[in-house]
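>>> Turn this into a structure:
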Amino acid sequence: MSYRFMRMIVMFDLPTETAEDRHNYRLFRKMLIKNGFYMMQESVYTRMILNQSVQRGAIETIRKNKPEIGTVQILTVTEKQFSQMEYLVGDFHGEVIDSDERLVIL
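Predicted coordinates for the structure are as follows:
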């Protein structure tokens, strides 16, 4: 596996008390999914980043679409660091193909 790729992790804590808050939450979540992020766990989404220009573009898209209130945090790590993540409780769910391999055999 090549480790020149990066992994962007978006963590957010948005209010869901009013109907408008829930609407903004749904819009933000849909924007992440539309832009190639998939859910690791509730309010934590991740996406593979191929280079720094893609990273800057993704960050700018998130900045433009973030809700007015709440917390949105972005962490970018190397694919090697991401692959060394330990699961203390639960298991890895491999439903999404997120490999950097050029050939994927299904």
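
>>> Which secondary structure elements does whatever helix or strand Ile59 lives in sit against?
For Ile59, the host element (DSSP states H and E) is helix 52-65. Packing contacts for helix 52-65, counted by 3 or more Cβ pairs under 8 Å, 6 or more residues apart in numbering; DSSP states H and E, involve strand 6-13, helix 19-34, strand 44-49, strand 71-78. For the C-beta atoms, the positions are set from N, CA and C on the backbone; glycine is no exception.

>>> Please spell out which residues along the longest one are buried.
If I follow you right, that is helix 19-34. Across helix 19-34, burial judged by 16 or more other Cβ atoms under 10 Å covers 21, 24-25, 28-29, 32.

>>> Contact partners for Lys9?
Just to correct that, residue 9 is Ile rather than Lys. The contact partners of Ile9, by Cβ atoms under 8 Å, 6 or more residues apart in numbering, come to 40, 44-46, 74-77, 82.

>>> which residues does the residue nearest to the spatial centre of the chain bridge with?
Closest residue to the average C-alpha location of the chain: Thr46 at 2.3 Å, with Cα atoms, centre = their mean. Applying DSSP bridges to Thr46 yields these beta-bridge partners: Ile9, Tyr38.

>>> Just the buried residues out of the contacts of Ile9, in PyMOL syntax.
Buried subset of the contacts of Ile9, written as a PyMOL selection, criterion 16+ other Cβ under 10 Å:
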select buried, resi 40+45+46+76+77+82
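
>>> Just name the closest of the contacts of Ile9 to Asp13, please.
Val44 (10.3 Å; Cβ to Cβ).

>>> Thought Phe28 was touching Pro15, still the case?
No. Checked against Cβ atoms under 8 Å, the pair Pro15 and Phe28 is beyond contact range at 11.5 Å.

>>> hmm, back to that, state the distance from the residue nearest to the centre of the chain to Ser83.
Distance of Thr46 to Ser83, given as Cβ to Cβ, to the nearest Å: 12 Å.

>>> still on that earlier bit, present the helices and strands packed on helix 52-65 as a markdown table; the columns should include distance to Arg63 and mean pLDDT.
Shown next, in a markdown table, are the helices and strands packed on helix 52-65 (distance: least, Cβ to Cβ, whole Å; pLDDT from 0 to 100):
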| stretch | distance to Arg63 | mean pLDDT |
| --- | --- | --- |
| strand 6-13 | 11 | 95 |
| helix 19-34 | 11 | 95 |
| strand 44-49 | 15 | 94 |
| strand 71-78 | 9 | 94 |
